[in-house]
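*Asks:* Everything below, folded, please.
(one chain, ligands or ions: 2)
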Amino acid sequence: DQEVAHYRARRDITIEGQDVPRPIQMFHEANFPDYCLEVISRLGFVEPTPIQSQGWPMALKGRDLIGIAETGSGKTLAYLLPALVHVSAQPRLAQGDGPIVLVLAPTRELAVQIQEEAVKFGSRANIRSTCIYGGAPKGPQIRDLRRGVEIVIATPGRLIDMLEAQHTNLKRVTYLVLDEADRMLDMGFEPQIRKLISQACTICFFLLYFN
Ligand code: ADP
Ligand code: MG
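*Replies:* Ligands and ions are numbered 1, 2, ... in the order given. As a prediction, the model looks like this:
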C-alpha cells in the first residue's frame, strides 16, 4: 500500500522478489524478546535502520534473503536478532549437537566483532556463541565446540578443520549467514563456503553486501 511504498522510498529501500513483507518501522513491532529491546534502548537506538526494517520481517519468517547496505548501516543486528529468536524457538542442544546458527565471515577481526554483539544481545537468554578462526590456538576453540554452542561465528578454513576433526557438525544449522559475502568471494573462499553449506541442514538466510 501507499504508506509502505512511501516509507520505503523515503529510506531508499528497494526490494525484489515475491511477497516481500512490510517493513518493521518500530522496534517493538518485531516481537523481539524484552531482553533484546532493553539492550536496544540502553544503547539509545531510536529506530531500525533500513536494512533492519526490511530484513527483520524477512528473516523472522524464515525467508532466504540477500541484503545489500552500506558500511555502518546495522547489518549485524539485521541478522543477529532474528537469529536469537530462531535459536529460542528450537529444541535445546543435546550432547554432541553442533550449532543452530552459523555465521561465516571473511576475517578474524570481523568474527570477533560479531560475537561481541551476539554476547551483548544473547547472554541474557543463555544463548552461547563462539568464534572459530585461523592463526590462533585450537585448544580453546575445540573446548567451546565440544561443550556446545548455539551460535558459531567462523572464518571458513578453520571451521572446515574443526569439522574434519569431528569437533563439531553442521547437522543442526538452520540459520546460515554469509556476512561480507562479496569480500569472502573476492578472497577466494567460494569452494570452502560451498563445502560448509552442503553440510548444513537448511539454508534460511543469506546476507551479502557491497560497501
Ligand atoms: P555494518 O555491518 O552494516 O557495517 P554494523 O552492524 O557494524 O554495521 O553497525 C554499525 C553500528 O551501528 C554499530 O555500532 C551498531 O551497534 C549500530 N547500530 C545498529 N543498529 C542501529 C540502530 N537501529 N540505530 C542506531 N545504531 C545502530
Ligand atoms: Mg558488517
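*Asks:* Please tell me how far E117 sits from C36.
*Replies:* 11 Å (Cβ to Cβ, to the nearest Å). The C-beta positions use only the backbone N, C-alpha and C, and glycine is treated the same way.
*Asks:* Compare neighbour counts for these two and give me the winner.
*Replies:* The residue with more neighbours, out of E117 and C36, is C36; 22 against 16, by other Cβ atoms under 10 Å.
*Asks:* show me what contacts the more buried one?
*Replies:* C36 is in contact with L81, L84, F121, counting by Cβ atoms under 8 Å, 6 or more residues apart in numbering.
*Asks:* dump the residue contacts of M184.
*Replies:* So, once contact is read as Cβ under 8 Å, 6+ apart, M184 ends up touching L104, A105, P106, P156, L178, E190, I193.
*Asks:* how about a cut-off of 10 Å?
*Replies:* Residues in contact with M184, defined by Cβ atoms under 10 Å, 6 or more residues apart in numbering, are L104, A105, P106, T107, T155, P156, L178, E190, Q192, I193, L208.
*Asks:* Where does it fall, secondary structure wise?
*Replies:* helix 181-186 (DSSP states H and E).
*Asks:* And that helix, what's buried?
*Replies:* By neighbour count, and taking 16 or more other Cβ atoms under 10 Å as the criterion, the buried residues in helix 181-186 are A181, R183, M184.
*Asks:* Quick check, the second one in contact with L104.
*Replies:* Same thing as R183. No - with contacts counted by Cβ atoms under 10 Å, R183 stays clear of L104, the gap being 11.0 Å.
*Asks:* Now for the two: what residues contact both?
*Replies:* Taking Cβ under 10 Å, 6+ apart as the contact rule, R183 and L104 both touch F189.
*Asks:* distance of the spatially closest residue to N169 that is not a sequence neighbour from ligand 1?
*Replies:* Of all residues not flanking N169 in the chain, G98 sits nearest, at 4.2 Å (Cβ to Cβ, 6 or more residues apart in numbering). For G98, the distance to ligand 1 under the criterion Cβ to the nearest ligand atom, to the nearest Å works out to 25 Å.
*Asks:* Run through the residues that contact G98.
*Replies:* If you count contacts by Cβ under 10 Å, 6+ apart, then G98 has 145, 148-150, 152, 162-163, 167-173, 199-201 around it.
*Asks:* Can you tell me how far L163 is from D34?
*Replies:* Look at L163 and D34: by Cβ to Cβ, they are 36 Å apart.
*Asks:* Noted, bye for now.
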